[in-house]
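Undergrad: Below are the sequence and a predicted model for it; my questions follow.
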Amino acid sequence: MGEAAPDRRGGAGSLELTGRSVRDAAFDVFRRRGLTTLFSNPGSTEVPFLAGLPEDLRFVLALHEGSVVALATGFAIGRAEPALAILHTTAGLGNAVGALATARVNRAPLVVLVGQQDRRHLAFEPFLAGRLEGLAGAYPVSAEQPVRPQEVPGAIERAYHAAATHRGPALVIVPMDDWDAPADDEREEAAAGRVLRMAAVDPEAVDALAAFLETAESPALVVGAGADDAETWSALVELAERLVVPVFQESFGARAGFPQDHPLFVGFLPADRPRLREKLAPYDALLVVGAPVFRQSPYAEGRFTEHETRIALVTEDADEVHRSSAELAVLAPPAAVCRELALRVPARDVAPPKPFRPPPPPAPAEPLRAGHVLAALAERLPRDAVVVEEAPVDRPELHERIPARMPLGFLSAAMGGLGFALGGATGVRMALPERPVVAVVGDGSSIYGIQALWSAAHYRVGVLFVILSNGGYAIMDRLAERQGREPPWPSFDVDVAALARAFGCASRRITTHEVLVRELDEIVPTLASRDAPVLLDVVIAPTESFAP
């Protein structure tokens, strides 16, 4: 009986011929796609993959899966390309679902590998087996478990393309024994080598937008997170200056869509319909760029705008287009559209709108309030600072006092869930080590992602964390007051500075204005070069009103 020919597409003979495993092939995908930083809190199902990691791949440990995804999200946003997160079966993916939702709504491209039990006995549902396919709900932009081990590298590349195209987390579920299976080097993968995304604009679309604006007597621009890049900012400035129109920032935007120190910037839209209608009533045409039409909270009766106000939308987000109430929507890269539109529309000879002006700094006083901290930061932060916000009750005042003056000057969790800022700021600084990064976080918010401080300290990531410690969930207290009822939750006083030290992060607790400005004068000038985080736990009186 003759010998069987070796099977080059898998099977026992392949590994002997090539010496390559599925794990080796996956590492090659990581290198090819720039996924060489691995954010993880691993478990047993990931050990066969991670143990003995090649030296050119960087492993970054976080102590909770929410922090893993927050770090990766910040890293992806900072680099404007997909980042890699690795999660551990049901517990890991389950713990990370809220953070994955934030990544999706923040348009952060993530490749997420989820470990699974050994394929060979999954049918018996062994210990640590996960029912993983639907665990993250509708938030992943794609999710698949390859039908055989040799499909894993191609699935990772498809996840990379899906994350980059749809701007969100793409999941690949990998049984732990797949990594040691022989690679299939004699068959092409079901994944494109290069995906080129066209930036050209249909002239008819530009004509339609130009006609929309030319017929308006009092147009205005509304910008949002989808316009937060240097090219789009430049195009929007050119368009706004040609039209001499006011520029509003969307409410609850995760990023700034326009330089907020520009004379045509007039402030932030309110987040309820009655005030929104009042704010937009003077304008008969709104061109919305990179923002939803419109993001609101809480619900109120009535329309977004008056009947006479027409709305057009430009965005790359198809879902944003489909759910909008715009009469005209263009699904295209905002930078290309606005650049062409600025060349097409006639210049207007009108008086410019009254520009937005931050309020004056409050007089030094005790007890400290959020305004003291935010005004002191505004006076000291450099132009290129990245401010990561997660202080819900104080967010309106932060917007008033600290303008975003460069792209990625402001970053927040668009989903509204807590736990993003500490890890997100750390990931941004890892991606952009030359930019100063400051996270402004409520004490209650900080507890949701406090484990990220360990990663910032261990990997020597020089973020300034400013904790606004008001002794409770102040925003919940304010919302309860709107109901006219007493809240059942107690206040609390957590020593965040002590927690930070427990995680290895230098920290200081501050109770006076004098100490606050002294500490900021010492720390802020070092932000661009510092290689270690520091946390300032600032004790403030609770903010007494909230009107987003």
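TA: Okay, I see it.
Undergrad: going forward, measure contacts and count neighbours with C-alpha atoms only.
TA: OK.
Undergrad: which residues in the stretch 201-350 of the chain form strands?
TA: For the stretch 201-350 of the chain, the strands defined by DSSP state E, counting those that start in this stretch occupy 219-223, 247-249, 265-268, 285-289, 310-315, 328-331.
Undergrad: need the longest helix for this structure.
TA: helix 89-105 (DSSP state H).
Undergrad: Can you name the residues in contact with that helix?
TA: 41, 45, 64-70, 73, 87, 109-110, 114-117, 128-132, 135-136, 139-141, 167-169, 413-417, 419-420 (CA atoms under 8 Å, 6 or more residues apart in numbering).
Undergrad: Stretch 213-230 now?
TA: With CA under 8 Å, 6+ apart as the criterion, stretch 213-230 contacts 233, 240, 245-250, 253-258, 282-292, 315-316, 334-335, 345-346, 406-408.
Undergrad: returning to that earlier point: in strands, which of the contacts of helix 89-105 fall?
TA: Leu87, Leu110, Val114, Gly115, Gln116, Pro169 (DSSP state E).
Undergrad: which one among those residues gets closest to Pro525?
TA: Leu110 (32.7 Å; CA to CA).
Undergrad: in the sheet, who's paired with that closest one?
TA: Counting by DSSP bridges, Leu110 is bridged to Ala83, Pro169.
Undergrad: ends of stretch 289-300, how far apart?
TA: 24 Å (CA to CA, to the nearest Å).
Undergrad: my guess is Val517 meets Ala375, correct?
TA: No - Val517 is beyond contact range of Ala375, at 10.3 Å (criterion: CA atoms under 8 Å).
Undergrad: Which one's more surrounded, these two?
TA: Ala375 (20 against 16; other CA atoms under 10 Å).
Undergrad: May I have the phi/psi pair for that one?
TA: phi -70, psi -40 (degrees, to the nearest 10).
Undergrad: show me what contacts it?
TA: Counting by CA under 8 Å, 6+ apart, Ala375 has contacts Pro361, Pro362, Arg401, Ile402.
Undergrad: Look at the residue nearest to the second one when sequence neighbours are not counted and tell me its secondary structure.
TA: The reference is to Pro362. Leaving aside its sequence neighbours, Pro362 sits nearest to His372 (CA to CA, 6 or more residues apart in numbering; 6.2 Å). The three-state assignment at His372 reads helix, by DSSP: H, G, I helix; E, B strand; the rest coil.
Undergrad: how many neighbours does His372 have?
TA: Counted with other CA under 10 Å, His372 comes out at 21.
Undergrad: Enumerate every residue touching it.
TA: Pro361, Pro362, Ala363, Pro364, His513.
Undergrad: quick one: the fourth one and His513 touch, right?
TA: Going back to what we said before, that points to Pro364. Yes - using CA under 8 Å as the test, Pro364 is close enough to His513 to be in contact (6.2 Å).
Undergrad: residues in contact with the closest residue to Asp180 other than its chain neighbours?
TA: Distance criterion CA to CA, 6+ apart; nearest residue to Asp180, sequence neighbours excluded, is Ser21 at 5.5 Å. Contact analysis of Ser21 by CA under 8 Å, 6+ apart lists Leu15, Trp179, Asp180, Ala181, Pro182, Ala183.
Undergrad: Please repeat the previous calculation with a cut-off of 6 Å.
TA: Asp180, Ala181, Pro182, Ala183 (CA atoms under 6 Å, 6 or more residues apart in numbering).
Undergrad: Need the residues you listed in TSV (columns: pLDDT).
TA: TSV is the format used below for the contacts of Ser21 (pLDDT from 0 to 100):
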residue	pLDDT
Asp180	96
Ala181	96
Pro182	96
Ala183	94
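Undergrad: Which of those residues ranks first by neighbour count?
TA: Going by other CA under 10 Å, Ala183 tops these with 29 neighbours.
Undergrad: Checking Val47 next. Helix, strand or coil?
TA: helix.
Undergrad: How many neighbouring residues does it have?
TA: Around Val47 there are 12 residues (other CA under 10 Å).
Undergrad: Please report the distance of it from Pro175.
TA: Applying CA to CA to Val47 and Pro175 gives a distance of 11 Å.
Undergrad: just Met430 next, same as before
TA: 30 Å.
Undergrad: Pull up the per-residue confidence for His513.
TA: On pLDDT, His513 comes in at 96.
Undergrad: correct me, but Gly462 touches Ser529?
TA: No - assessed by CA atoms under 6 Å, Gly462 is found out of contact with Ser529, at 7.7 Å.
Undergrad: With neighbour numbers in mind, choose between those two.
TA: For Gly462 and Ser529, the more surrounded residue by other CA under 10 Å is Gly462, and the numbers stand at 26 against 12.
Undergrad: mind checking the SS state of the more buried one?
TA: coil.
Undergrad: do the same with Val388
TA: strand.
Undergrad: Hmm, Asp284 and Ile311 touching each other?
TA: No - using CA under 6 Å, Ile311 is not in contact with Asp284; the gap is 8.6 Å.
Undergrad: what sits in contact with each of those two?
TA: Contacts common to Ile311 and Asp284, judged by CA under 6 Å, 6+ apart, are absent.
Undergrad: ok, and the closest non-adjacent residue to the residue positioned nearest the centre of the chain?
TA: By CA atoms, centre = their mean, the mean C-alpha position of the chain lies nearest to Asn106, the distance being 4.0 Å. Among residues not flanking Asn106 along the chain, Ala414 sits closest, at 5.5 Å (CA to CA, 6+ apart).
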